[in-house]
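A.B. asks: I need the structure of the sequence given here:
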Amino acid sequence: MKTVFIKELVANDNLIDQEVTVKGWVRSLRKSKAFSFMVVNDGSSQLNLQIIVDGSTPNYEEVSKLLVGSTVIVNGVAKASQGKNQSVEIQSKSVEIVCANTDDYPLQKKATSFEFLREIAHLRPRTNSFGAVFRVRHTLAKATHDFFHNNNFYYVNTPIITGLDAEGAGEMFRVSTIDLNNIPHTDKKEVDFAQDYFGKETSLCVSGQLEAEALALALGRVYTFGPTFRSENSYTSRHLAEFWMVEPEVSFCNLDQVATLAHDYLKFMAKSVLDSNPNEMDFFNQRIEKGLIEKLQSLVNSEITKITYTEAVKLLENSKKKFEFPVKWGIDLQTEHERHLTDDIYKGPVIVTDYPKKIKAFYMKENDDGETVRAMDLLIPGVGELIGGSQREDSYDKLLNRMNENKMNVAPYQWYLDLRKYGGAEHSGFGLGFERFIMYATGMTNIRDVIPFARTPKSAEF
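C.D. replies: From the prediction side, this is the model:
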């Protein structure tokens, strides 16, 4: 007897009247004397499968008393269903009970708050909402690899443990094997990291960008897709201490070209999830965010709008909207400013370029005005900034001067400067916080709900 997934059953008419085996978990069970209706989900689809269990089944009494969440293996015949919201059902021949749940199982048929589900993150993937989230997450990860592969990029892996702060913000988690009860010190009474595992102070990476630049200047087009870490003490619904980043780096590429690449990537992602996950997207559209599908279709069909930071500030200053954070040239735009640009003024995605260099990272290429850099943020409605990127400084002398202006310790970055000295070229890149886009694509409003096990301040459970 062939073992099939529910997603195969509902999509394949050829399995009708065939004997099949389905393995999954009970979502509900309605009992009568002659037969019972058991609803099962195996995780492969947003759709459930109805099993008709005949009263003559040898272990019928035991099966008919199963509680929600119990594990079963069902052998039976696939039949076209006359019921609502289902195209196929199973007339069972046998039901094997793998694990019968007890009545203290915390997930019941009634609605449960997302806040409570975060406390049982090991069980929440079994709910409709989180099963849908993680199937969409898979689709978006695959779409990421497909997009860059189709555009002649190479997938590369950059270090998770690093001795450099790529962003210069200092929000890094230290990696050390030093005995905290017996810390070695130098003559200056500072921690002697020379006696640590790597012989120097190391941390978890905040970005794979710097190493990706080295690979791009050899392979042409590369991207990283992996975990990154920030130790900022932020308790907002948009921040995690551990999250995933997508970071392409492109040689012989200027800011305008990489901005177009970023926009094309988002459009590809939106189309992929609409095409691949129609049942999940219908669920999110009905239960989480009304108009979600229309929003994503709008992104797929959107044209690119580019304005400079200076133009954006003028628009915001001339706006009649009252902001919590006043707008003036030189500040970093806040989410409320970004959303006013996307939601109210342009009613679509906006790319803002050429930010003041004082609020941007050291590696960004300086414009001729000496005040701004070739940076860009891609803003989308309802969210604000989703992608940040820049054209990288390709001049050895200018990069060195910028590092000195920022009072950086240049020595650890000498290899990075070498990239400008040996075979340097114009190059650009951007970073996308993967969970931020999953929030946008699903309508979920808390970033803790789009990653299986969230890492946030004071929380490292599971």
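
A.B. asks: which stretches of the stretch 251-400 of the chain form helices?
C.D. replies: 255-276, 278-287, 292-300, 309-317, 335-339, 396-405 (DSSP state H, counting those that start in this stretch).

A.B. asks: Tell me which of those sits nearest to Val26.
C.D. replies: Val26 lies closest to helix 278-287 among the helices of the stretch 251-400 of the chain, at 19.8 Å (CB to CB). (Glycine included, C-beta is placed from N, CA and C.)

A.B. asks: buried residues in the closest one?
C.D. replies: Glu280, Met281, Phe283, Phe284, Asn285 (16 or more other CB atoms under 10 Å).

A.B. asks: Quick one: mean pLDDT for that helix?
C.D. replies: Mean per-residue pLDDT for helix 278-287: 97.

A.B. asks: Run the chain-centre distance for that helix.
C.D. replies: 18 Å (CA atoms, centre = their mean, to the nearest Å).

A.B. asks: same deal with stretch 308-317?
C.D. replies: Worked out by CA atoms, centre = their mean, stretch 308-317 lies 30 Å from the chain centre.

A.B. asks: Could you do stretch 48-68 as well?
C.D. replies: Distance, centroid of stretch 48-68 to centroid of chain: 39 Å (CA atoms, centre = their mean).

A.B. asks: Only alpha carbons, please: show that stretch as CSV.
C.D. replies: In CSV, the C-alpha atoms belonging to stretch 48-68 read as follows (Å, rounded to 0.1, in the frame of the first residue of the first chain):
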residue,chain,number,x,y,z
ASN,A,48,-6.8,18.5,6.4
LEU,A,49,-8.0,15.0,5.3
GLN,A,50,-11.2,13.4,6.5
ILE,A,51,-11.0,9.7,7.4
ILE,A,52,-14.2,7.6,7.7
VAL,A,53,-13.5,5.0,10.3
ASP,A,54,-16.0,2.1,10.1
GLY,A,55,-17.4,0.7,13.3
SER,A,56,-16.3,-2.7,12.3
THR,A,57,-12.6,-1.7,12.6
PRO,A,58,-11.1,-4.1,15.2
ASN,A,59,-9.8,-1.4,17.5
TYR,A,60,-12.7,1.0,16.8
GLU,A,61,-13.5,1.7,20.4
GLU,A,62,-9.9,2.7,21.1
VAL,A,63,-9.7,4.7,17.9
SER,A,64,-13.0,6.5,18.5
LYS,A,65,-11.7,7.8,21.9
LEU,A,66,-8.5,9.4,20.5
LEU,A,67,-7.9,13.0,21.6
VAL,A,68,-6.7,15.9,19.5
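
A.B. asks: let's number from 9 now, not from 1
C.D. replies: In the new count, where the first residue is 9, that last one comes out as stretch 56-76.

A.B. asks: Point out where the protein drops to low pLDDT.
C.D. replies: 176-178 (pLDDT under 70).

A.B. asks: show me where the stretch 59-208 of the chain has strands.
C.D. replies: 79-88, 96-107, 162-163, 169-170, 182-183 (DSSP state E, counting those that start in this stretch).

A.B. asks: quick one: strands adjacent to the fourth one?
C.D. replies: Strands that pair with strand 169-170, judged by DSSP bridges, come out as strand 210-212 (antiparallel).

A.B. asks: do the first one as well
C.D. replies: Strand pairing for strand 79-88, determined by DSSP bridges: strand 27-39 (antiparallel), strand 96-107 (antiparallel).

A.B. asks: hang on, the earlier thing: if we compare the helices of the stretch 259-408 of the chain, which one ends up closest to Ile128?
C.D. replies: Closest to Ile128 of those is helix 286-295 (CB to CB; 19.7 Å).

A.B. asks: then the closest one to PDB, C-alphas only?
C.D. replies: Output of helix 286-295 as PDB, limited to C-alpha atoms (Å, rounded to 0.1, in the frame of the first residue of the first chain):
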ATOM      1  CA  PRO A 286      -2.400  29.300  -2.400                       C
ATOM      2  CA  ASN A 287      -4.000  27.500   0.500                       C
ATOM      3  CA  GLU A 288      -1.700  29.100   3.100                       C
ATOM      4  CA  MET A 289      -2.200  32.500   1.500                       C
ATOM      5  CA  ASP A 290      -6.000  32.100   1.500                       C
ATOM      6  CA  PHE A 291      -5.700  31.300   5.200                       C
ATOM      7  CA  PHE A 292      -3.600  34.300   6.000                       C
ATOM      8  CA  ASN A 293      -5.800  36.500   3.900                       C
ATOM      9  CA  GLN A 294      -8.900  35.400   5.800                       C
ATOM     10  CA  ARG A 295      -7.500  35.000   9.300                       C
END
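
A.B. asks: As CSV, the strands of the stretch 59-208 of the chain with mean neighbour count and distance to Gln305 would be great.
C.D. replies: CSV is the format used below for these (neighbours: other CB atoms under 10 Å; distance: least, CB to CB, whole Å):
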stretch, mean neighbour count, distance to Gln305
strand 79-88, 18, 32
strand 96-107, 17, 29
strand 162-163, 14, 29
strand 169-170, 16, 40
strand 182-183, 16, 44
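
A.B. asks: and those as JSON lines, adding distance to Met452?
C.D. replies: Formatted as JSON lines, these follow (distance: least, CB to CB, whole Å):
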{"stretch": "strand 79-88", "distance to Met452": "27"}
{"stretch": "strand 96-107", "distance to Met452": "29"}
{"stretch": "strand 162-163", "distance to Met452": "27"}
{"stretch": "strand 169-170", "distance to Met452": "31"}
{"stretch": "strand 182-183", "distance to Met452": "31"}
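
A.B. asks: so which of these comes closest to Phe201?
C.D. replies: Closest approach to Phe201 among those is made by strand 182-183 (9.5 Å; CB to CB).

A.B. asks: hmm, back to that, so which of the buried residues of helix 286-295 comes closest to Asp385?
C.D. replies: Scanning the buried residues of helix 286-295 for proximity to Asp385, where the rule is CB to CB, the winner is Phe292, at 26.0 Å.

A.B. asks: If I follow the layout properly, that closest one ends up in contact with Gly451?
C.D. replies: Yes: here Phe292 lies in contact with Gly451, judged by CB atoms under 8 Å, at a distance of 5.1 Å.
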